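Asker: Let's see this in three dimensions:
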Amino acid sequence: MPTAIAVTSADLVLPPTDQQTPTAATLQAPEAQSLDLAIGDMNLLLEQHGHVVAVYPAGIGAAHERRLHAIRSVLESDRIALLRTDLPPLGVAVLVRQLRQLSVCDFSPGVVASAARLLAHYIHAGALLNSVARLDRVPVSLKTHAKSWVPGSQFAVLAGPSPQLVRISPSAEPPTGPPFATQLMVAKGQLTSEWVQQTLAPAWGVQAVQECALPSGSPRWWGTGKLVEFASFLPDISVIYQLVSSVRRENCHWCGMELIGDRCAFCSSPLAPPENRKHSPGVLSHGAPAPPAT
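Answerer: Below is the predicted model of the structure:
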């Protein structure tokens, strides 16, 4: 069975890209499910899949995050990876779908889990907002804050991989997009605008635009419900597979799980110093390469 991918909200599970892409399990909030039932559900996932990779946004409620760690502690399981990401909700949903795609490939659970940090670097996640007055996750100058009170103002904000903020005007250039081929996922909130589809998508040269429902956590993350959230992503699983495969794999010196990058996703132990590593023959070069040009 493939490694189980889990999320903290059902609206973070985008439709599958093909018949082979599995769905993701939902880890309910404390107010929606008792701790005993939550522990039982997680235990069942472990029995069925062997390992669980749970991805959740940084804006999740504190009680919900504590619940995740409590479940892992009660089960005393080193087969549960809890991955907290700073991506906004739609970016998280895109990342989760990519991990779902990877889970049926010939990667170990440790590689699938640690691939989340690598893939997040290739997701350009942002939103079109009517105000940045309550935006606290992307740097906003006092001057821009003041401009957000002007009626009719709109702002294009990119949260990652590097923060950008542009006030929309006829002469303004959109935020800098990805230098590689992508598709664009769009989720509309209460803001009526076609700027993302008509201006941003052509400027970024995206191959296709998909639409989905706005995640429930997006208004809280962006500080307003009047928004259009977007996220560009690598759509081709063969490119994603090649990207992950090209990074050298190591074994965690603490729990023994296979990993890529500098930290084990299951036990959070940092990669051992170079002099203490044991490399298997045929490993690929270390680093995060650019995806192949298409």
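
Asker: ok, for the most centrally placed residue in the chain, nearest residue in space, not its chain neighbours?
Answerer: Centroid-nearest residue in the chain: residue 92, 3.1 Å away (criterion: Cα atoms, centre = their mean). In this structure, residue 92 finds its nearest non-sequential neighbour in residue 57, 4.9 Å apart by Cβ to Cβ, 6 or more residues apart in numbering. Just so you know, the C-beta spots here come from the backbone N, C-alpha and C atoms, and that holds for glycine as well.

Asker: show me the contacts for the one you found.
Answerer: By Cβ atoms under 8 Å, 6 or more residues apart in numbering, residue 57 lies in contact with 8, 84, 85, 86, 87, 88, 89, 92, 217, 221.

Asker: show me the contacts for the closest residue to residue 115 other than its chain neighbours.
Answerer: Using Cβ to Cβ, 6+ apart and skipping the chain neighbours, the partner closest in space to residue 115 is residue 244 (4.9 Å). By Cβ under 8 Å, 6+ apart, the residues touching residue 244 are 102, 107, 111, 115, 118, 119, 260.

Asker: What segments of the stretch 51-200 of the chain are strands?
Answerer: Ranges of strands in the stretch 51-200 of the chain, per DSSP state E, counting those that start in this stretch, are 52-57, 80-85, 124-129, 155-160, 164-167, 183-188.

Asker: Listing partners with orientation, what would you give for the fifth one?
Answerer: Spelled out, it's strand 164-167. Applying DSSP bridges, strand 164-167 is found paired with strand 155-160 (antiparallel).

Asker: returning to what we had before: can you flag which of the contacts of residue 244 belong to helices?
Answerer: Members of the contacts of residue 244 lying in helices (criterion: DSSP state H): 102, 111, 115, 118, 119.

Asker: For the closest residue to residue 15 other than its chain neighbours, grab phi and psi.
Answerer: Leaving aside its sequence neighbours, residue 15 sits nearest to residue 212 (Cβ to Cβ, 6+ apart; 7.6 Å). Dihedral angles of residue 212 (phi, psi; degrees, to the nearest 10) stand at phi -150, psi 170.

Asker: Does residue 212 touch residue 187 like I think?
Answerer: Yes: Residue 212 is within contact range of residue 187, at 5.3 Å (criterion: Cβ atoms under 8 Å).

Asker: Let me see the contact set for residue 186.
Answerer: By Cβ under 8 Å, 6+ apart, residue 186 lies in contact with 196, 197, 209, 210, 211, 212, 228, 229, 230.

Asker: how far away is it from residue 228?
Answerer: Residue 186 is 7 Å from residue 228, where distance means Cβ to Cβ, to the nearest Å.

Asker: what residues do the two have in common as contacts?
Answerer: Shared contacts of residue 186 and residue 228 (Cβ under 8 Å, 6+ apart): residue 196.

Asker: measure residue 243 to residue 192 for me?
Answerer: Counting by Cβ to Cβ, the gap from residue 243 to residue 192 is 37 Å.

Asker: try residue 44
Answerer: From residue 44 to residue 192 the distance is 43 Å (Cβ to Cβ).

Asker: Please apply the same query to residue 31.
Answerer: In terms of Cβ to Cβ, residue 31 sits 33 Å off from residue 192.

Asker: circling back: got the CA positions of the helix or strand hosting the residue nearest to residue 115 in CSV?
Answerer: Secondary structure assignment for residue 244, by DSSP states H and E: helix 237-245. What follows is helix 237-245, C-alpha atoms only, in CSV (Å, rounded to 0.1, in the frame of the first residue of the first chain):
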residue,chain,number,x,y,z
ILE,A,237,4.3,13.7,-12.4
SER,A,238,7.3,12.7,-14.6
VAL,A,239,8.9,16.1,-14.0
ILE,A,240,8.2,15.9,-10.2
TYR,A,241,9.5,12.3,-10.1
GLN,A,242,12.7,13.4,-11.9
LEU,A,243,13.1,16.4,-9.6
VAL,A,244,12.9,14.2,-6.4
SER,A,245,15.0,11.4,-7.9
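
Asker: Show me what counts as buried in it.
Answerer: For helix 237-245, burial by neighbour count (16 or more other Cβ atoms under 10 Å) applies to 237, 239, 240, 243, 244.

Asker: Next: stretch 111-131.
Answerer: For stretch 111-131, burial by neighbour count (16+ other Cβ under 10 Å) applies to 111-120, 122-131.

Asker: now stretch 3-23
Answerer: 3-9, 11-14, 21-22.

Asker: contacting residues around the nearest residue in space to residue 125 that is not next to it in sequence?
Answerer: Distance criterion Cβ to Cβ, 6+ apart; nearest residue to residue 125, sequence neighbours excluded, is residue 91 at 3.1 Å. Contact analysis of residue 91 by Cβ under 8 Å, 6+ apart lists 85, 120, 123, 125, 159, 160, 231.
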